[in-house]
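Q: Structure, please.
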Amino acid sequence: MLKTIKGALVSLMVAASFAAPGMAADSTLADILANGKLKVGTTGDWDPMTLKDPATNSYKGYDIDVVTELAKDLEVELELVSADWSTLVDGITAGKYHMTGSASISPGRAKAAGYSDSYFALNTVPLTLKKNADKFTDWDDLNNSDVTVAATLGTTQEQQVKSFFPEAKHKIIEAPARDFQEVLAGRADAHITSNVEAFKLVDKYAELMVVPVKQGRARTPIAMLVPQDDQVWINYLNTWIKLKNERGFFEELATKWQLSN
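A: As a prediction, this is how the structure comes out:
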């Protein structure tokens, strides 16, 4: 597989040099290969995608496995750079890292950053305390003026909470705090998050439950954020994703981390 990926890399760089002289030399890919290091921005607060252990300053999760494999195939060192949701795109545009881990594809982010091809998709669901089981049974139950719904600043859910619940009060929480903590503390009635994180949270916190909505909302593909104008780097990542997908890599990771697509 490594030979195949290496061959694809060479082909892409040769093609780029003919299509646009100087592009390959100026690309993120060229920088990574020249310096022997892949820098990846990750928040460390999205179970099971990326989780940081403060005691050891180490990370684990689906995303971490993805970028570890990418660095391995590039034959470079991996450097994980701490990031937060509200400045995730800024880190790309400022050159703090070459790419991010998984991020929801959104028109707002696409104004300033590029995306790789998608390799997974999420649905948004609401969570509340189990004691509210009779009070909240579907989306409309949360859209009331006496209900407070929380979201984390800079996430896709920040925009969704305002769209889904125009009549409710909105509590936007800035990292490193998280929206679900507001629910646990009784400062919000509910919060919304991806279906992937939701079921991890209810496993971890016995007080929480997923509101039994008829269906999740806003199905959204996720992908890696990258520099917007670097087509050489984007082409390489898309080639790598396609090869890994064909060989079952992402399916194996989904099983390992108990993700449902």
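
Q: pLDDT averaged over stretch 139-154 - what is it?
A: The average of the pLDDT scores along stretch 139-154 is 96.

Q: next one: stretch 245-261
A: On average, stretch 245-261 scores 91.

Q: buried residues in that stretch?
A: By 16 or more other C-beta atoms under 10 Å, the buried positions in stretch 245-261 come out as 249-250, 253-254, 257, 259. Placement of C-beta: from N, CA and C, glycine included.

Q: Equivalent analysis for stretch 58-76, please.
A: 59, 61-67, 70-71, 73-74, 76.

Q: Going by distance to Ser102, which of these wins?
A: Here the nearest of the buried residues of stretch 58-76 to Ser102, counting by C-beta to C-beta, is Asp63; it sits at 5.2 Å.

Q: Point me to the helix or strand that includes that closest one.
A: In this assignment (DSSP states H and E), Asp63 forms part of helix 62-74.

Q: quick revisit: could I get the buried residues of stretch 58-76 as TSV with pLDDT?
A: Formatted as TSV, those follow (pLDDT from 0 to 100):
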residue	pLDDT
Tyr59	98
Gly61	97
Tyr62	97
Asp63	98
Ile64	98
Asp65	98
Val66	98
Val67	98
Leu70	98
Ala71	98
Asp73	98
Leu74	98
Val76	98
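
Q: between those, which is nearest Leu129?
A: Closest to Leu129, out of all of these and judged by C-beta to C-beta, is Gly61, at 26.0 Å.

Q: so how far is Thr152 from Lys169?
A: 16 Å (C-beta to C-beta, to the nearest Å).

Q: Counting neighbours, go ahead and name the busier of those two.
A: Per other C-beta atoms under 10 Å, whichever of Lys169 and Thr152 has more neighbours is Thr152, with 29 against 14.

Q: I'd guessed Gly61 sits against Leu51; true?
A: Yes. Contact criterion C-beta atoms under 8 Å: Gly61 and Leu51 qualify, at 5.0 Å.

Q: Tell me which stretches of the stretch 101-250 of the chain form strands.
A: Using DSSP state E, counting those that start in this stretch, the strands found in the stretch 101-250 of the chain span residues 102-104, 114-115, 120-129, 148-152, 169-173, 190-194, 208-210, 217-226.
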